[in-house]
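J.: sequence first, then the predicted structure:
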Amino acid sequence: MKKILTIILLVSLFKMNPSSATGIRSFKVDTSGTCYSAILDTAVNPYTLGIAGNWRPQATYVFYGNRTETNAAQDINIRQAGTLAAYVPFWKRDNNAWKANTDTPWVWNQQSTIYNVKGFELENKDPLGRYNAGMYGYDNELPVAVIQNARYQEVAYDGFEDYGYGMSAYDTACPVSKGFDFLPYKQWIDSTVAHTGIYSLLIPGGHKDSIGVYLTTTDVTDFDFAINKRNMACTPGVGLQGIRANTKVIIPSFAPYPGKKMLLSVWIKEKNDCNCSTYTKGTVTVRAGGATITCKPSGNIIDGWQRIEEVLDIPADATYMTVDLTASADVYFDDLRIHPYNANMQSYAYDPITLRLMAQLDENNYATFYEYDDDGTLVRVKKETERGIMTIKETRSALIK
């Protein structure tokens, strides 16, 4: 029995963005999403307000080594066999303090890099530098997108489902990033027609929605903050005056890297019936640097909806990118995605009342629909394909009267 990994330990921390692969020696306070201003001359306990003391898993370490038994033909006592030959504890005592033994044979295999305000992991990476990300909606309660091989700031998704759910997320005093945020066009969110879920974005003829983002060349891996104290006038002793953090402490919004290949995907439907093979009234235009890419629908019209999918080559000198959803007649838009070309994304739509899963969209932005009866029991599963929507599973149940 050779080189079997057996032991996994979680290292806790209280900061949002780890500073290095090991990172265990540099603990920092987790201030993710917290906007705070202390009242002068008043003693404040940061632990009771949730400013400090929030611990999150930082990294997972695995022990690599040989077993004591190396001869497979030799009889062993299975009650005692299987110990590691050169095992060393993960924690070691150094100068009257416990420190992590991050040298070989302890190797980290996953590191968490971003958490949201409710403690859910938004991004992690492996030792090969590959990132995975997740996006949360419905007031940061439910995952709405899961992405492999991409950073959190490189992806955007909007299914227009949760703009009426937990509007505290759009508090102007402490705003929460939502990637592409169509809140200025909330009056055009429609509940009569939807590709998945209940809502879609209806753009009236002759109008367009324009969303712009800044591109970035900075790879943010750490943040810093200062804790200010002062002598309190109302109570004796030193108290907390305020905590000042730099902009890196904020969860990054959608900001892709220039010079990278991206993939845009969205579903559209014209409000008026179209006896045609393709829609022509709705387009998506992407402008970055000196490049302008017009994305038009293609493929089959499936249950009234047609997909737009386009590869975007962002110029290396671009600093700003604009996405325009344009309609020459009334057009519905739904399930908008933008992510790196070599990434894989799956997204989800929920019922805003029951929070049941209504649809799951695969890596090609095709949906799997879930239908429930009045008791909340799943009765039907349907799959969207190029040949139409097919029922792949259906169940019926009843109680004997």
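T.: Cool, the structure landed.
J.: C-alpha from now on. contacts and neighbour counts both.
T.: Fine.
J.: hmm, W108 is touching Y64, no?
T.: No: counting by CA atoms under 8 Å, W108 does not reach Y64; the two are 10.4 Å apart.
J.: buried sites along stretch 340-349?
T.: P340, Y341, A343, N344, M345, Q346, S347, Y348, A349 (16 or more other CA atoms under 10 Å).
J.: and the first one, how far is that from F254?
T.: Applying CA to CA, to the nearest Å, one obtains 12 Å for the distance of P340 from F254.
J.: returning to that earlier point: intersection of neighbour lists for W108 and Y64?
T.: Here W108 and Y64 have no joint contacts, going by CA atoms under 8 Å, 6 or more residues apart in numbering.
J.: check contacts around the nearest residue to R67 once chain neighbours are set aside.
T.: Distances taken as CA to CA, 6 or more residues apart in numbering place L84 nearest to R67, at 4.5 Å, with adjacent residues excluded. Residues near L84 by CA under 8 Å, 6+ apart: G65, N66, R67, T68.
J.: what two of the buried residues of stretch 340-349 are the furthest from one another?
T.: Greatest spacing in these, by CA to CA: Y341 and A349 (22.7 Å).
J.: where exactly do the strands run in the stretch 101-250 of the chain?
T.: For the stretch 101-250 of the chain, the strands defined by DSSP state E, counting those that start in this stretch cover 106-115, 121-125, 131-137, 142-148, 156-158, 189-190, 200-203, 207-214, 225-231, 238-245.
J.: that older thread, from the buried residues of stretch 340-349, which is closest to N149?
T.: A343 (4.9 Å).
J.: and the closest one, what does it touch?
T.: Counted by CA under 8 Å, 6+ apart, A343 has contacts I147, Q148, N149, A150.
J.: reformat the residues you listed as TSV; add distance to N77, neighbour count and pLDDT.
T.: Below are the contacts of A343 laid out as TSV (distance: CA to CA, whole Å; neighbours: other CA atoms under 10 Å; pLDDT from 0 to 100):
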residue	distance to N77	neighbour count	pLDDT
I147	46	23	97
Q148	43	20	96
N149	44	18	96
A150	47	24	95
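J.: which of these lies closest to A291?
T.: For the contacts of A343, the nearest to A291 is A150 (23.2 Å; CA to CA).
J.: and that closest one, what does it touch?
T.: Contacts of A150 (CA under 8 Å, 6+ apart): R130, Y131, N132, A133, H339, P340, A343.
J.: and the furthest pair within those residues?
T.: R130 and H339 (14.7 Å).
J.: out of those two, which sits in the more crowded spot?
T.: Shown here are R130 and H339; by other CA atoms under 10 Å, H339 has more neighbours (27 against 13).
J.: nearest residue to the more buried one other than its sequence neighbours?
T.: What sits nearest to H339 in space, not counting adjacent residues and going by CA to CA, 6+ apart, is V155, at 4.5 Å.
J.: residues contacting the one you found?
T.: G179, F254, P256, R337, I338, H339, P340.
J.: which member of those is positioned nearest V381?
T.: Using CA to CA, the contacts of V155 come closest to V381 at R337, 23.4 Å.
J.: the closest one touches Y157, doesn't it?
T.: Yes: at 4.6 Å, R337 counts as touching Y157 under the criterion of CA under 8 Å.
J.: quick one on the thing from earlier: a markdown table please, covering the strands of the stretch 101-250 of the chain and showing distance to L325.
T.: A markdown table is the format used below for the strands of the stretch 101-250 of the chain (distance: least, CA to CA, whole Å):
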| stretch | distance to L325 |
| --- | --- |
| strand 106-115 | 30 |
| strand 121-125 | 28 |
| strand 131-137 | 22 |
| strand 142-148 | 21 |
| strand 156-158 | 13 |
| strand 189-190 | 13 |
| strand 200-203 | 8 |
| strand 207-214 | 5 |
| strand 225-231 | 39 |
| strand 238-245 | 36 |
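J.: for these, which one ends up most surrounded?
T.: strand 200-203 (a mean of 26; mean count of other CA atoms under 10 Å).
J.: now for it, which elements pack on it?
T.: strand 189-190, strand 320-327, strand 331-340 (3 or more CA pairs under 8 Å, 6 or more residues apart in numbering; DSSP states H and E).
J.: I'd like to know the average pLDDT value across it.
T.: Regarding strand 200-203, the rounded mean pLDDT is 95.
J.: K92 touches K99, doesn't it?
T.: Yes: the pair K92 and K99 qualifies as a contact (CA under 8 Å) at a distance of 5.4 Å.
J.: might you report the residue contacts of D334?
T.: Here D334 is in contact with D158, G159, F160, A194, H195, T196, Y199, S200, L201, V266, W267, I268 (CA under 8 Å, 6+ apart).
J.: show the pLDDT at it.
T.: 96.
J.: how far away is it from Q346?
T.: Distance, D334 to Q346, using CA to CA: 15 Å.
J.: and what of G282?
T.: To Q346, G282 is 24 Å away according to CA to CA.
J.: same question, N96
T.: 48 Å.
J.: could you do S265 as well?
T.: 12 Å.
J.: which residues are common contacts for these two?
T.: N365.
J.: want to throw the contacts of D334 into a markdown table with distance to I314?
T.: Output for these, formatted as a markdown table (distance: CA to CA, whole Å):
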| residue | distance to I314 |
| --- | --- |
| D158 | 21 |
| G159 | 24 |
| F160 | 26 |
| A194 | 30 |
| H195 | 28 |
| T196 | 29 |
| Y199 | 30 |
| S200 | 27 |
| L201 | 26 |
| V266 | 18 |
| W267 | 22 |
| I268 | 24 |
